[in-house]
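Colleague: curious how this folds, go ahead:
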Amino acid sequence: MLTRASTCLLALIICFSQPVLATGEPAATDIVFQEALSQTMASGQSWRYSNGDVYQGEWRNNRPHGQGHYQRMNGDDYTGLFHNGRFQGEGVCKYGNGDTYKGNWENGQPSGQGEMRYQNGNRYVGEWKAGKRHGKGQLFYRSGSYYKGNWAENEKSGKGFMQYRNGERYVGDYASNNPHGFGVQVESTGDVYRGTFSRGARHGAGECNREGGEVRVCLFDRGNEIRDPVKLDLAKQYLAKKRPVYEFNGGIAYQMEDEFTKARYHVSSERVWWEKTEAMLKDQLRIRSEDENQFIYLIVNGYTGPGTYHLHKGEIIASSRDGEPVELSDEAVARVDIKSDRNGQIDGSFSISGLKGEGDNARSYRLYDGQFQASATPPDDATASSEAEKLLVKNQQERD
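Modeller: Next comes the predicted model:
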């Protein structure tokens with residue numbers, strides 16, 4: 001087969017005999033081959049190892065190095081980059097059990113960004129570390145449910161969002177694959193619980209309400225609701241002490257609610273300013289706020305001074321919690337109250353419902369308890385968000 005002979009130790013660490021399962025169970029350990037080759041391998045040549053595995057591709061010092069193809073007797077089939085006998089870089093491994101991983105490898109294991117398609121129909125896209133789901137990623141279940149959020153050692157851990165096929169959804173803290181900590185659970189009926197969880201069950205004091213109904217304090221013990229009036233009164237006192245109090249100290253501040261998950265957030269920034277475009281017939285006032293985590297533009301056409309203004313699509317653009325731009329839907333109308341305009345400062349308040357991103361499945365948001373104190377001087381490093389700027393241009397072209 002080859003004419004040149006030498007003796008060289010080959011240490012080839014290859015992929016799992018089975019990949020990580022969708023259930024989070026650990027895969028089989030790596031297998032290390034140590035075999036002395038009787039020939040010096042050249043680029044493009046193949047070698048069959050004593051256990052029946054076959055490699056063909058580029059070599060360096062008798063180790064697979066560069067682009068190559070590795071086939072195992074158990075049916076695993078890897079095509080991609082090697083480094084000193086290990087899977088390293090971009091590659092695809094089709095496992096004998098029907099799973100397929102495509103993405104980055106390090107030291108013979110999936111690491112970095114990659115996608116695993118499981119033979120059971122599930123699919124994971126996101127970050128890996130040492131062969132395990134680790135970091136940010138999404139798991140799509142064959143049933144139609146999906147999880148998006150943080151992972152640690154193959155388990156849902158940290159902040160995450162779970163959407164179930166039946167319409168139920170959860171957003172909040174995870175530990176060991178279960179809701180654990182603070183979260184918001186929306187049932188398929190629309191009923192909402194905001195509070196603490198322990199190992200997947202509601203546990204502790206929280207707020208409950210039916211779709212569109214009054215919010216009430218509720219109390220749970222490992223998933224079982226407690227209705228004792230004395231204990232409920234203590235729960236109310238506890239929540240009253242723990243509830244965050246937001247004081248407006250200038251700049252811009254507002255409450256934001258994801259109308260899909262019912263999760264609520266407080267947003268505030270000192271970076272807010274106004275701009276005016278004066279015209280003979282129709283002045284325009286823009287209230288702008290931008291920083292690393294948020295942006296919002298309120299565009300008042302026909303501005304004549306303090307008073308109440310109703311804004312429509314294209315006149316409000318804000319960022320979602322994911323940093324994506326959202327704007328009013330076609331039928332939504334928002335209210336902005338300009339309370340004062342003097343000495344270079346404009347004060348006002350706003351309440352906005354019906355904000356939505358692009359696409360049929362985009363989430364809706366509402367902003368409430370909004371306040372601002374804007375000066376005429378923007379920060380030195382103020383620049384429009386590229387995504388918001390594109391949307392502004394698009395809306396202007398549609399109006400023209």
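Colleague: use CA for all of it now, contacts and neighbours both
Modeller: Noted.
Colleague: identify the residues contacting the most centrally placed residue in the chain.
Modeller: Nearest residue to the geometric centre of the chain (C-alpha atoms, centre = their mean): Gly149, 5.3 Å. Counting by C-alpha atoms under 8 Å, 6 or more residues apart in numbering, Gly149 touches 136-138, 156, 158-161.
Colleague: pretty sure it is in a strand, no?
Modeller: Yes: under DSSP: H, G, I helix; E, B strand; the rest coil, Gly149 falls within a strand.
Colleague: in three-state terms, label the residue nearest to it when sequence neighbours are not counted for me.
Modeller: Ranked by C-alpha to C-alpha, 6 or more residues apart in numbering and with sequence neighbours excluded, the top spatial neighbour of Gly149 is Gly160, at 3.9 Å. Counting by three-state DSSP, the backbone at Gly160 sits in strand.
Colleague: count of residues packed around Gly160?
Modeller: Gly160 is flanked by 21 other residues according to other C-alpha atoms under 10 Å.
Colleague: that older thread, looking at the contacts of Gly149, which is nearest Val336?
Modeller: Taking C-alpha to C-alpha as the measure, Val336 lies nearest Phe161 of the contacts of Gly149, at 32.1 Å.
Colleague: so what's the closest one up against?
Modeller: Applying C-alpha under 8 Å, 6+ apart, the residues near Phe161 are 147-149, 169-172.
Colleague: which residue packs closest to it, ignoring adjacent ones?
Modeller: Phe161's closest residue in space is Val171 (C-alpha to C-alpha, 6+ apart), at 4.3 Å.
Colleague: so what's Thr304 closest to, chain neighbours aside?
Modeller: Thr304's closest residue in space is Asp283 (C-alpha to C-alpha, 6+ apart), at 7.3 Å.
Colleague: and the host helix or strand of Leu285, what does it pack against?
Modeller: Here Leu285 sits within strand 284-290, counting by DSSP states H and E. For strand 284-290, the packing partners by 3 or more C-alpha pairs under 8 Å, 6 or more residues apart in numbering; DSSP states H and E come out as strand 272-277, strand 295-301.
Colleague: next, the angle from that strand to strand 295-301.
Modeller: Per axes from the mean of the first three to the mean of the last three C-alpha atoms, to 10 degrees, the angle that strand 284-290 makes with strand 295-301 is 180 degrees.
Colleague: would a markdown table of the contacts of Gly149 with distance to Asn301 and pLDDT be doable?
Modeller: Output for the contacts of Gly149, formatted as a markdown table (distance: C-alpha to C-alpha, whole Å; pLDDT from 0 to 100):
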| residue | distance to Asn301 | pLDDT |
| --- | --- | --- |
| Lys136 | 41 | 96 |
| Gly137 | 42 | 97 |
| Gln138 | 42 | 97 |
| Lys156 | 47 | 98 |
| Gly158 | 43 | 96 |
| Lys159 | 40 | 94 |
| Gly160 | 40 | 96 |
| Phe161 | 38 | 95 |
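Colleague: and these, which is closest to Asp347?
Modeller: Distances from Asp347 to the contacts of Gly149, taken by C-alpha to C-alpha, are shortest for Lys159, at 35.6 Å.
Colleague: coming back round to it: how about the contacts of Gly149, which pair is most distant?
Modeller: The farthest-apart pair in the contacts of Gly149, when distances are taken by C-alpha to C-alpha, is Gln138 and Gly158, at 13.4 Å.
Colleague: mind listing the strands for the stretch 151-300 of the chain?
Modeller: 155-163, 169-175, 178-186, 192-198, 201-209, 216-221, 224-226, 251-258, 264-269, 272-277, 284-290, 295-301 (DSSP state E, counting those that start in this stretch).
Colleague: Ile317 and Ile296 touch, don't they?
Modeller: Yes: under the criterion of C-alpha atoms under 8 Å, Ile317 makes contact with Ile296 at 5.6 Å.
Colleague: need the contacts of Gly149 in a markdown table with distance to Glu290, can you?
Modeller: A markdown table is the format used below for the contacts of Gly149 (distance: C-alpha to C-alpha, whole Å):
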| residue | distance to Glu290 |
| --- | --- |
| Lys136 | 26 |
| Gly137 | 28 |
| Gln138 | 29 |
| Lys156 | 32 |
| Gly158 | 27 |
| Lys159 | 25 |
| Gly160 | 26 |
| Phe161 | 26 |
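Colleague: mind listing the helices for the stretch 251-400 of the chain?
Modeller: 386-399 (DSSP state H, counting those that start in this stretch).
Colleague: partners of the residue nearest to Gly149 in the sheet?
Modeller: Counting by DSSP bridges, Gly160 forms beta bridges with Gly149, Gly172.
Colleague: ok, it - contacts?
Modeller: Gly160 touches 147-150, 171-174, counting by C-alpha under 8 Å, 6+ apart.
Colleague: for stretch 360-371, give the mean pLDDT please.
Modeller: Computed over stretch 360-371, the mean pLDDT rounds to 89.
Colleague: pull the CA atoms of it into CSV?
Modeller: What follows is stretch 360-371, C-alpha atoms only, in CSV (Å, rounded to 0.1, in the frame of the first residue of the first chain):
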residue,chain,number,x,y,z
ASP,A,360,-46.2,36.7,12.5
ASN,A,361,-44.8,35.2,15.7
ALA,A,362,-43.3,38.4,17.1
ARG,A,363,-44.1,39.2,20.7
SER,A,364,-46.2,42.2,21.8
TYR,A,365,-45.2,44.7,24.6
ARG,A,366,-46.6,47.5,26.5
LEU,A,367,-44.9,50.4,28.3
TYR,A,368,-46.6,52.2,31.2
ASP,A,369,-45.8,54.6,34.0
GLY,A,370,-43.4,56.3,31.5
GLN,A,371,-41.8,59.6,32.4
